[in-house]
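[1] Using only what follows, build the 3D model:
(one chain, ligands or ions: 2)
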Amino acid sequence: MSKKVEVKDKILSKNQKIADELRELFARKKILTVNFVSSPGSGKTSILEKILPDLSKKYKICVIEGDLETENDAERIRKAGIDAYQITTGGACHLEAFGIKKALSNFDIDNIDLLVIENVGNLVCPASFDLGEDFKIVVISTPEGEDKPAKYPSMIRVSDVIVINKIDLAEYMEFDVNKCLEYARKINPRLVEFKTSCKTGEGLKELAEFIDKKIIEKNADTGC
Ligand SMILES: Nc1nc2c(ncn2[C@@H]2O[C@H](COP(=O)(O)OP(=O)(O)O)[C@@H](O)[C@H]2O)c(=O)[nH]1
Ligand SMILES: [Mg+2]
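    Ligands and ions are numbered 1, 2, ... in the order given. As a prediction, the model looks like this:
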C-alpha cells in the first residue's frame, strides 16, 4: 500500500470511530441529524432559511455550518431565528466528525430534536466523511447542469435524499430535470426526490414535511 493511501485510510478510520460514537449519542438523545451536501451555491443555506423557521415552531433545532472562511452562513441562519454555530475549516474541503463533536459543546444537546449540518460546498470529499448523521441530503441546482449525478456518483451513492433546487431557473438553464433524476436513480434507486425553488417556494413544504416525519420516527425509535 502506498504511503498516501495508508494515511488516507488512517484518517478515515479515525473519523469513522468518532462518527460511530456520535451516531450512538444522537440515537440515545433522539436527535435527528441531517447532513446537507452540495456544490458551493446550490442553495443549501437558502433552503434552511426557508424551511427551519416553521419547523422550529414544533422542534428545537440547531445548525452547524461548515465553510472554509467566514461566519456568513451561521449569521444568516441566526437571522432566521435558529441557533447556529459556524465551523471554519481554514482550507479543508469537508467537515469531519471530530469537528462536529467539538461543535456540540456549544448547544444544550439534551434539548435538541433536529441537528442540521450544512457541509462545506463540495461534491467530492464530504462523501467520504461520515458525521454520524441519520442521512445526507444532496442538493443539485439547475445552473450546475443535469449531468452532475453522473459525474459525482459517490455523493449520490451515500445520500438518501436528492433535492433539485432552483427549479425556477430550469427552463432558462435548459436543465432537463428528468434526465438529472434518471442519472441519479441509476446510481442510487433508493433516493427520495424533491424539486424546490427558494424563489417561488415550490417543493419546500414537502421537504419540510419529510424532515418532520423523520423527526417523529426518530422519537418513536426504541433503538431495538
Ligand atoms: N433563482 C434561484 N436562486 C436561488 C435559489 N436558491 C438559492 N438561490 C440563490 O443562490 C445563491 C447561493 O445560495 P446559498 O443558499 O448561499 O447556497 P449554498 O452555498 O449552497 O448555501 C444565492 O444568491 C441565493 O439567493 C432558488 O431556488 N432559485
Ligand atoms: Mg451555504
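[2] Tell me where this protein has helices.
    3-28, 44-55, 72-79, 97-103, 148-151, 153-158, 170-173, 177-187, 204-220 (DSSP state H).
[3] Look up the residues forming beta bridges with the one residue sitting closest to the centre of the chain.
    Centrality entry for the chain: nearest residue to the mean C-alpha point is residue 36, 1.2 Å, by Cα atoms, centre = their mean. As for beta bridges, residue 36 partners with residue 118, residue 137 under DSSP bridges.
[4] how close does it sit to ligand 1?
    Distance, residue 36 to ligand 1, using Cβ to the nearest ligand atom, to the nearest Å: 8 Å. C-beta here means a position set from N, CA and C on the backbone, and glycine is covered the same way.
[5] Ok, residue 77 next?
    When distance is defined by Cβ to the nearest ligand atom, residue 77 is 10 Å away from ligand 1.
[6] Not counting sequence-adjacent ones, nearest residue to that residue?
    residue 84 (3.9 Å; Cβ to Cβ, 6 or more residues apart in numbering).
[7] For the chain, list the residues in contact with ligand 1, please.
    38, 40-46, 121, 165-166, 168-169, 197-199 (Cβ under 6 Å from any ligand atom).
[8] out of those, who's nearest residue 211?
    The shortest approach to residue 211 among the residues of the chain next to ligand 1 belongs to residue 44, at 13.8 Å (Cβ to Cβ).
[9] who are the neighbours in contact with that closest one?
    Residue 44 sits next to 36-38, 118-119, 121, 139 when contact means Cβ atoms under 8 Å, 6 or more residues apart in numbering.
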